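Enquirer: sharing a model that was predicted from the sequence below.
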2 protein chains.
Amino acid sequence: MSDVTRTYSSVVIGAGSGGLTVAIGLAALGRRVALIEGHHVGGDCTNVGCVPSKTLIHLADEQLHDPDSRAVLAKVQAKRNHLRDEETQHVADTPNLNLIKGWARFLEPKRLAVTQPDGTTIEITADNIVIATGSRPRRIDIPGLPAERALTNETIFEQEEAPRHMVIVGSGVIAMEMAFAFRKLGTAVTMITRGPRVMSSAIPEVAAAMHAALTEWGVTVYYNATPSAYDSATEALHIQASDLPVDIPGVDRVLLATGRVRNLEKLDLERSGVEFDPKQGIAVDSYGQTNVRGIYAIGDVTPTSHFTHSANAQGRRVVQRIAFPWLLARSPEPFYPSAIYSDPEIAGVGLTPEQIAQKYHPGLIKKMRFDLGKTDRGYTDSVRHSFVILYVVRLTGRILSATIVGPQASAMISLLNLAISQRISIYKLYSMVFPYPTLSEGIKKTADTFVRETLPNLKAEIPAYLRYRWATPPQPNGQPEPREQTMAEAQK
Amino acid sequence: MSDVTRTYSSVVIGAGSGGLTVAIGLAALGRRVALIEGHHVGGDCTNVGCVPSKTLIHLADEQLHDPDSRAVLAKVQAKRNHLRDEETQHVADTPNLNLIKGWARFLEPKRLAVTQPDGTTIEITADNIVIATGSRPRRIDIPGLPAERALTNETIFEQEEAPRHMVIVGSGVIAMEMAFAFRKLGTAVTMITRGPRVMSSAIPEVAAAMHAALTEWGVTVYYNATPSAYDSATEALHIQASDLPVDIPGVDRVLLATGRVRNLEKLDLERSGVEFDPKQGIAVDSYGQTNVRGIYAIGDVTPTSHFTHSANAQGRRVVQRIAFPWLLARSPEPFYPSAIYSDPEIAGVGLTPEQIAQKYHPGLIKKMRFDLGKTDRGYTDSVRHSFVILYVVRLTGRILSATIVGPQASAMISLLNLAISQRISIYKLYSMVFPYPTLSEGIKKTADTFVRETLPNLKAEIPAYLRYRWATPPQPNGQPEPREQTMAEAQK
C-alpha cells in the first residue's frame, strides 16, 4: 500500500455535478477538500448528459429544415470540451481544493485508498466523506450486435454523423430526448419499450401525448417489446413485440437507454459501515447523511430523483450540513421537479398519483386538465399534444402535483413548484394576471375551471370536502405496480 | 332619431378582448347584455394585434433559413380570419348576448344612441354601461409618403409579401416585435426613434440589450430621430437624426408605430358625466368604476397597462363588480405583467424604478442582475443579450420588481409575478430547485447572489436595513421625466 496518508477536512468521491457543488462549496468556505475523480471533471452532465444533449437539441431545432449532422455533432463535442476544460480549470484554480485523479475505496469508515492512474495508491482520511459516484448506463446484451453499433449516452455524442436508422431500446428520459433530436437530424428512429407505454414513470396522459408526438415525427414505437438479436449481414434487428417476432431492417445503430446502474461496487462500501440496498441505493436523510455519521451520499447513488438539479440541491444541503450544522432548522427537503427536453417538453413537480392515493381519499381530489393547444398562443403556434394537469384538493384549492407537456414546460413548471412548495392555492393563480398570449395561460385556464366548478357549487363542495377530508383512503386490492420510490416521495 | 328604445341589463361598447370578457361573462351569468361594435368582433388583439403578430413571429422563426413571406402572410391572414369567425360565431351563439353593429354615443348617463351601418339610429338604456372602445394607432404625417406605403398595425398584416426595406418609426412594443419578425422574413429594417434609447418605458438595461440584439440582426437604429419627408422617385426617406439630415434610400414601406390614441371622441362622453383626461384617459377605480355610478371603463381607454391581458383582467373585475357586488372584498388590483415578443423577449412585473425611488430610500434597495448567457442552458443555446434584474429590499429579500430579457421571458415572468404578488421572499426562490438546464435557473442564480451577499454579512446588513427602512427617500431635484403613469402604478 501507500506510505503516505493525507488528511483532509472533507473528501468528495466523484466530480460530477453533485460532487463539484459540495467540493467547491466547502472549499469556498475555507475547508480543505479533496475531490477524487477517475474520469473527467463534470461527470455525466457535462460530458455525456445534459450539456451535450441540450446543445444537440438546440442545434437540431435550429437546423430543422436542412440539417448537417456532421457539423452539429462536431459543434456539440466542441462546446462540451470547452465547458469541460473550463470546469477542470475552475477546480484547479479553487483554493483549498485538491483534485486527485483516481478511484477510491473504503478501508474503514473515515479512511480511503485511492488508486491513481499510474497504479500507485494513496491513503486519505477525512472527517467528512461524500459519496457522489453517480451511475452508468445499464448494458443489455443483444446477440450479434457489434460493439461499435451499440450506443449509450456515453458514446452517442461521440459519433461523427447521425446514424441512418437508430433503434432506441427504452422509453425514458434519454430515449425521449434522443429520439426527437436525431429524428430532426434526419435519422430514421424506431423505439422499442418493454412495457405498454412510454415514459412509464409519469402519469398515463404523458404517455398518450408522447406517443402521438413520436408518431407525428415518424418514429415507430413497439410496445411490450425486447430486442432478441442483430444480424450484421442484413442489418436487421430482430425483436419480440407482444410475443411476436418482428424484424426491423436497415438498422445501423442501437441506443441502449434501458436504465441506470449505481456506481457502488468499487467503493468497498462494506468497510465503511454504510447501509445500502442494491436496488434502492444508499439511504440518506434529508441532508444526505447516511447511517454513518460524517459519511454523506448525493445524486444518483441515492434513491432520490435522478436529475442534475437534484444532485446539486442535495449537494447544497450537504454543504449546509457540514459547514453550518448549528444553523440548520431542519428545513424540509425541497421538491425535485422533473424536466425532459423532448418535443414537446415534459415537466412535473409534487406528489405522485400513488402518493396522493395513499394520503387522500379520491373524493377529496380534483384532477384538472387543460390542453395548451386551446390557449390563443397554442392556436397561433399550432401547439399539439400539450397540456397541464393539476391534482388539487377540492374546495381549498391546494395544489398537490403538476404535470406539463408542451413547449417551454421546463420553464413553466417552476411557477407550480413555487405554488406547491409555498402552499399557494389555485385561487391565487386564478386572480393573477398572466401575459397574453402565452402557453402559461393554460395554468390560469386550469385555475379558472376549478374556480368556476367550485364557487357556484359550494352547497355540494363544502359537504363533500368535509366528508372526505378525514376519510381513510381505500386500500388498493393488490400491491401497487412496483416502482422506484424517490427520496422526495419517501419523506412525504 | 329612433323610434325604438331597447333596454338591457348591461351594455358593452366595443367587442375587443376586454369588452368580450365582460359581455360573455355577464351573459353567462344570465344578464341581458348588448355588445356594440362598429368593426370586427375581437378588436385589435384578434384582428390587427396579438394574434396575427404572434402567428407571424412563430412562422418567421420556423422559416428562418428559407423564408417565403407570401406564404407566411397568407397563413397569418387565414389563421386570423378563422379565429375572428370563431369568435363572431361564439358571440352569436351566446344566450342573452345581443351583438349590435354600429357606433355608440352617450345621450345621457344611462342612455346611448347607436348609429348602425345603414345610417339608422337606435336608442339603448342600461343600468350598467362598460366603455371598452380601445385605441388606434397615432398617425404622423410624413410629407410625400403615399398612403399605400405608410403602414400601421392595422395594415401591416394585410400585405401580400414582406417589404424590401421597411423603416419603423418608433421603438416600443409594436416596433420591436415587427422589427425582428420582418427581418426574419428577409426585409431590410431600419428603426428611427425620437429619444436616446429604444423601449423607453422599460429600465435602461432593456434598451442596451435590445440595441445589441437589433444590431446583431442587422437593424440600424437612428436615435433622436424624426422622419421629415419621403421622395417617391428615389424611394428615399429623409430624416433628422440628432439634428443632422440623413437620407435612407430604397425604402418601400414605413411602419408608423409611434403610440396610440384612445377612441373617446365619438362617445360624446360629456353627456355621460364621466370625467376623463385627454392625456390619461378615463379615470377608474380598481374595479373599473368611473366617477359615474354604473358606468365602467376598461382596457386602452383607461390609464392602465395597455396589454390584452390587462384589459381582460379589468374585464373580469368589472364582471365581479356588476354581478357579485356583495362578494367584493375589495381585493387589491393585480399586477399587470408586460410581455414583448421580440427576439429576445422582454417581460416585466412589479413596481417601476420611479415608484421604488418614491417609496424607498435607495440604501434599502439592492438591484440584482444575472446574465442568462451565464447559465448552462444559456451556454448550450448560445443565449445573448439576456438577463434577469430584480429590485429587492435588502435583508428581508422582498422582491419589488422583475425584468427579464431573454428567450421564454414571457413564460418565466409569471413565477416572479407570483413571488411579488404573494410577498414570497427571494430566500424561498433560493431554496427552491429549478430544473437543469433551464434559463429560469438565472432567477435562482440571482437569488443565490443575494443570499451570498447577505447572510455572511449580517453585521453590516442589519444596521443598514434599520437605518434606511424608515428613512424618507431623497426628493428628486427637478421634476422626474414625464412619463405616463399606469393605473397599477397610481394605486401603489
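Expert: Cool, the structure landed. The shown structure was predicted, so the numbers you read here are calculated from the model rather than taken from an experiment. Residues are numbered from 1 along each chain as shown, chains lettered A, B, ... in the order given.

Enquirer: the closest residue to A:I248 other than its chain neighbours and A:E441: what is the separation?
Expert: Closest residue in space to A:I248, ignoring its immediate chain neighbours: A:L237 at 4.6 Å, by Cβ to Cβ, 6 or more residues apart in numbering or on different chains. In short, each C-beta sits where N, CA and C put it, glycine included. Going from A:L237 to A:E441 by Cβ to Cβ, to the nearest Å gives 44 Å.

Enquirer: just A:R138 next, same as before
Expert: Where A:E441 is concerned, A:R138 sits at a distance of 41 Å (Cβ to Cβ).

Enquirer: those two - which one has more neighbours?
Expert: A:E441 (25 against 13; other Cβ atoms under 10 Å in any protein chain shown).

Enquirer: so what's the more buried one up against?
Expert: Contacts of A:E441 were listed using Cβ atoms under 8 Å, 6 or more residues apart in numbering or on different chains, and they are A:T375, A:D376, A:R377, A:F434, A:P435.

Enquirer: would you format those as JSON lines with distance to chain B, secondary structure and neighbour count included?
Expert: What follows is the contacts of A:E441, written out as JSON lines (distance: Cβ to the nearest Cβ, whole Å; DSSP: H, G, I helix; E, B strand; the rest coil; neighbours: other Cβ atoms under 10 Å in any protein chain shown):
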{"residue": "A:T375", "distance to chain B": "11", "secondary structure": "coil", "neighbour count": "26"}
{"residue": "A:D376", "distance to chain B": "6", "secondary structure": "helix", "neighbour count": "20"}
{"residue": "A:R377", "distance to chain B": "6", "secondary structure": "helix", "neighbour count": "27"}
{"residue": "A:F434", "distance to chain B": "6", "secondary structure": "coil", "neighbour count": "27"}
{"residue": "A:P435", "distance to chain B": "3", "secondary structure": "coil", "neighbour count": "28"}
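
Enquirer: export these as JSON lines, with columns for pLDDT.
Expert: As requested, the contacts of A:E441 are exported to JSON lines (pLDDT from 0 to 100):
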{"residue": "A:T375", "pLDDT": "97"}
{"residue": "A:D376", "pLDDT": "96"}
{"residue": "A:R377", "pLDDT": "97"}
{"residue": "A:F434", "pLDDT": "98"}
{"residue": "A:P435", "pLDDT": "97"}
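
Enquirer: pick the one among those closest to A:K184.
Expert: A:R377 (22.3 Å; Cβ to Cβ).

Enquirer: out of everything not next to it in sequence, what's closest to the closest one?
Expert: That would be A:P437: by Cβ to Cβ, 6+ apart, it lies 3.9 Å from A:R377.

Enquirer: please apply the same query to A:R317.
Expert: Leaving aside its chain neighbours, A:R317 sits nearest to A:Y287 (5.1 Å; criterion: Cβ to Cβ, 6+ apart).

Enquirer: so when I look at the one you found, I'm seeing a strand, right?
Expert: No. Counting by DSSP: H, G, I helix; E, B strand; the rest coil, one finds A:Y287 to be coil, located in no strand.

Enquirer: re the thing from before, and the residue nearest to A:R377, how many neighbours?
Expert: Neighbours of A:P437 (other Cβ under 10 Å): 26.

Enquirer: give me the pLDDT for it.
Expert: The score at A:P437 is 97. That number is its pLDDT.

Enquirer: so who does the residue nearest to A:I248 touch?
Expert: A:L237 neighbours (Cβ under 8 Å, 6+ apart): A:I142, A:L145, A:V167, A:P227, A:A229, A:Y230, A:D247, A:I248, A:V251, A:V254.

Enquirer: and it, how far from A:R149?
Expert: In terms of Cβ to Cβ, A:L237 sits 10 Å off from A:R149.

Enquirer: which neighbours do the two share?
Expert: A:Y230, A:V254.

Enquirer: how about A:Q89, secondary structure?
Expert: From three-state DSSP, the assignment for A:Q89 is helix.

Enquirer: what about it, neighbour count?
Expert: 11.

Enquirer: ok, A:Y341 next?
Expert: 25.

Enquirer: how close does it get to A:M176?
Expert: Where A:M176 is concerned, A:Y341 sits at a distance of 8 Å (Cβ to Cβ).

Enquirer: same question for A:V206.
Expert: Taken as Cβ to Cβ, the span from A:V206 to A:M176 is 10 Å.

Enquirer: is it true that A:G38 touches A:W103?
Expert: Yes. With contact defined as Cβ atoms under 8 Å, A:G38 reaches A:W103; the gap is 4.5 Å.

Enquirer: show the end-to-end separation of stretch A:157-176, please.
Expert: Stretch A:157-176 stretches 15 Å from its first residue to its last (Cα to Cα, to the nearest Å).

Enquirer: give the contact list for the residue lying closest to A:S242 once chain neighbours are set aside.
Expert: Excluding the flanking residues, the one nearest A:S242 by Cβ to Cβ, 6+ apart is A:N224, at 4.6 Å. For A:N224, the contact set (Cβ under 8 Å, 6+ apart) comprises A:R194, A:G195, A:P196, A:A241, A:S242, A:D243.

Enquirer: follow-up on the earlier one: save the contacts of A:L237 as a markdown table, and put in secondary structure, neighbour count and distance to A:L395 too.
Expert: Shown next, in a markdown table, are the contacts of A:L237 (DSSP: H, G, I helix; E, B strand; the rest coil; neighbours: other Cβ atoms under 10 Å in any protein chain shown; distance: Cβ to Cβ, whole Å):
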| residue | secondary structure | neighbour count | distance to A:L395 |
| --- | --- | --- | --- |
| A:I142 | coil | 21 | 54 |
| A:L145 | coil | 20 | 56 |
| A:V167 | strand | 25 | 49 |
| A:P227 | strand | 23 | 50 |
| A:A229 | strand | 13 | 57 |
| A:Y230 | strand | 22 | 57 |
| A:D247 | strand | 12 | 56 |
| A:I248 | strand | 21 | 52 |
| A:V251 | coil | 23 | 54 |
| A:V254 | strand | 26 | 52 |
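
Enquirer: any idea of the pLDDT on the spatially most central residue of chain A?
Expert: Compute the mean C-alpha point of chain A, and by Cα atoms, centre = their mean the closest residue is A:F307, 3.4 Å away. On the pLDDT scale, A:F307 is placed at 94.

Enquirer: and it, backbone torsions?
Expert: Dihedral angles phi and psi of A:F307 (degrees, to the nearest 10) take the values phi -120, psi 160.

Enquirer: CA atoms of the strand or helix carrying A:R452 as CSV?
Expert: Using DSSP states H and E, A:R452 maps to helix A:441-454. Extracted in CSV, the C-alpha atoms of helix A:441-454 (Å, rounded to 0.1, in the frame of the first residue of the first chain):
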residue,chain,number,x,y,z
GLU,A,441,-52.1,31.0,-19.7
GLY,A,442,-53.1,27.3,-19.7
ILE,A,443,-52.2,27.3,-16.0
LYS,A,444,-54.6,30.1,-15.4
LYS,A,445,-57.3,28.4,-17.5
THR,A,446,-57.0,25.4,-15.3
ALA,A,447,-57.4,27.6,-12.3
ASP,A,448,-60.4,29.3,-13.9
THR,A,449,-62.1,25.9,-14.4
PHE,A,450,-61.5,24.9,-10.8
VAL,A,451,-63.0,28.2,-9.5
ARG,A,452,-65.9,28.0,-11.9
GLU,A,453,-66.7,24.4,-10.8
THR,A,454,-66.3,25.3,-7.1
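
Enquirer: packing partners of the very next helix or strand once past that helix?
Expert: Next in sequence after helix A:441-454, counting helices and strands by DSSP H and E, comes helix A:458-469. Contact analysis of helix A:458-469 by 3 or more Cβ pairs under 8 Å, 6 or more residues apart in numbering or on different chains; DSSP states H and E lists no helix or strand as a packing neighbour.
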